[in-house]
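A.B. asks: Below is the sequence, then the predicted model.
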Amino acid sequence: MNDVSFASLLTPEGRALLDEVRGTEPAQELAVATRLRRDHPAELVSAALGQARLRQRAAAKFGAEDAERMFFTPNGVEQSTRTMVATHRALRLRSLGVRSVADLCSGIGGDAIALARAGIRVLAVDRDPLTVAVARANAEALGLADLIEVREADVTEVDTQAYDAVFVDPARRGGRGRIFDPEAYSPPLSWAIATALKAPLAALKIAPGIPHEAIPAEAEAEWISDAGDVKEAVLWFGTEPGLVRATLLPGPRELRGRGLPDPAVREVGRYLYEPDGAVIRAHLVAEVAEEVDGGLVDETIAYITADELRPTPYASAYEITDRLPFNVKKLKALLRERGVGVLTVKKRGSAVEPEELRKKALPKSHGPHSATVFLTRVAGAPTMLLGHPAQRP
């Protein structure tokens with residue numbers, strides 16, 4: 001999609017076509033396109049069908065109601081912040097007294113929309129003309145144009161002094177895919193940090209895999225997961241320097257770091273806890289281990305074991321029924337004996353592919369029961385732990 005084809009979607013004819021192709025399934029596209037091209041320009045029909053596909057993909061991030069009204073680019077769908085996460089961040093900024101934000105590298109406007117809905121005035125800046133046009137159309141489509149000013153510009157040349165806070169979401173994808181070097185972000189992370197340090201309050205969205213040693217001392221670092229999936233990390237400036245926390249959505253549930261030493265390694269007990277990914281990325285496994293009075297199964301593995309069940313929102317608990325050295329034949333025999341027909345395979349510290357093990361270990365005559373097997377190391381030795389989700393007393 002280019003600027004011209006996108007502009008055509010905003011015309012009465014384009015909007016009517018978007019309504020007509022809504023919900024078109026992939027298998028129907030050719031027939032629908034052939035029929036519509038009899039009365040409409042081919043480029044406009046292609047643009048409308050492409051937008052319908054993008055809206056269907058975007059529903060997972062933005063919700064079906066908003067996605068059906070918004071406009072997207074392929075990169076915009078891929079790189080936009082999930083609404084749940086963007087809303088969490090916007091509400092925190094509002095709670096900090098922020099009433100205006102300069103949203104730099106705003107993309108198609110996902111974060112700007114969440115900020116505006118929180119009652120915050122937004123300057124959304126991006127340098128790509130098509131992305132800017134899409135962001136502006138989204139602000140209008142959702143009735144937020146009065147709160148969102150969209151500007152086409154190089155973010156490094158924008159004066160942000162008039163705003164209470166700065167939010168920067170550098171591009172972390174290039175022509176060859178995901179970028180792992182923070183200095184290869186666009187703009188580089190060093191520029192974003194320097195900009196943040198000049199603002200009264202700032203938030204920088206970064207990849208959750210950022211090394212902890214790359215986090216500046218002036219920043220608070222937050223890792224965010226949504227329904228168990230780690231979505232992003234944020235560096236906050238002007239809040240609590242040095243704090244590390246994990247935020248679990250929905251909720252939110254917040255685990256704050258207290259600088260605890262690594263938990264001790266201990267024998268596998270009755271229960272195994274699998275910390276949320278945000279907890280692991282934030283290096284807060286020790287805080288969870290203290291909460292459940294547990295220890296590690298191995299000094300290099302983020303599985304916690306304990307003798308008692310202490311429910312925690314920061315980890316999933318499993319009751320362990322069997323422990324055996326890694327051996328597919330023994331596992332298969334045990335599953336047959338227990339009548340297991342549904343096997344969930346989890347791994348940490350193992351090179352075995354879960355699907356491959358599932359195919360080899362499940363008996364041909366599937367039983368009525370289910371089980372979970374953890375492929376891991378216990379005190380350095382490859383081990384299989386068999387169990388099931390723990391039931392609260």
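C.D. replies: Perfect, I can see it now.

A.B. asks: surely Val340 meets Val373?
C.D. replies: No - contact status for Val340 versus Val373: not in contact, 9.3 Å apart, counting by Cβ atoms under 8 Å. Where C-beta positions appear, they are placed from N, C-alpha and C, glycine not excepted.

A.B. asks: ok, Leu44 touching Ser5?
C.D. replies: Yes - contact criterion Cβ under 8 Å: Leu44 and Ser5 qualify, at 7.0 Å.

A.B. asks: List the contacts of the nearest residue to Pro182 once chain neighbours are set aside.
C.D. replies: With sequence-adjacent residues excluded and distances taken as Cβ to Cβ, 6 or more residues apart in numbering, Pro182 is closest to Leu189, at 3.6 Å. By Cβ atoms under 8 Å, 6 or more residues apart in numbering, Leu189 lies in contact with Pro170, Pro182, Glu183, Leu204, Ile206, Ala214.

A.B. asks: Which of the residues you listed sits closest to Thr321?
C.D. replies: Ile206 (40.6 Å; Cβ to Cβ).

A.B. asks: tell me which element Ser370 falls in.
C.D. replies: Ser370 is part of strand 369-378, with elements assigned from DSSP states H and E.

A.B. asks: Could you list every helix and strand that that strand packs against?
C.D. replies: strand 315-325, helix 328-338, strand 340-347, helix 354-361, strand 381-389 (3 or more Cβ pairs under 8 Å, 6 or more residues apart in numbering; DSSP states H and E).

A.B. asks: Phi first, then psi, for Pro216.
C.D. replies: Per-residue torsions, Pro216: phi -70, psi 150 (degrees, to the nearest 10).

A.B. asks: can you map out the strands along the stretch 51-200 of the chain?
C.D. replies: 100-104, 121-126, 148-152, 165-168, 173-174, 177-178 (DSSP state E, counting those that start in this stretch).

A.B. asks: between the ones you listed, which gets the lowest average pLDDT?
C.D. replies: Mean pLDDT per stretch puts strand 173-174 lowest among the strands of the stretch 51-200 of the chain, at a mean of 59.

A.B. asks: With Lys330 as the reference, measure out to Ala371.
C.D. replies: Distance, Ala371 to Lys330, using Cβ to Cβ, to the nearest Å: 14 Å.

A.B. asks: who's more crowded, these two?
C.D. replies: Ala371 (22 against 14; other Cβ atoms under 10 Å).

A.B. asks: That one contacts Glu337, doesn't it?
C.D. replies: No - the criterion here is Cβ under 8 Å, and Ala371 misses it with Glu337 at 11.2 Å.

A.B. asks: about what we covered before: quick one: work out the angle between the strand holding Ser370 and strand 315-325.
C.D. replies: 80 degrees (axes from the mean of the first three to the mean of the last three Cα atoms, to 10 degrees).

A.B. asks: residue contacts, Ala315?
C.D. replies: Tyr273, Glu274, Pro275, Asp276, Val279, Val288, Val292, Ile304.

A.B. asks: per-residue confidence at it?
C.D. replies: pLDDT for Ala315: 97.

A.B. asks: Not counting sequence-adjacent ones, nearest residue to it?
C.D. replies: Nearest to Ala315 is Tyr273, by Cβ to Cβ, 6+ apart, at 4.1 Å.

A.B. asks: what's the answer for Gly76, then?
C.D. replies: Gly76 sits nearest to Ile108 (Cβ to Cβ, 6+ apart), 3.6 Å away.

A.B. asks: Counting neighbours, what do you get for the one you found?
C.D. replies: The burial count for Ile108: 31, using other Cβ under 10 Å.

A.B. asks: ditto for Ala16
C.D. replies: Around Ala16 there are 12 residues (other Cβ under 10 Å).
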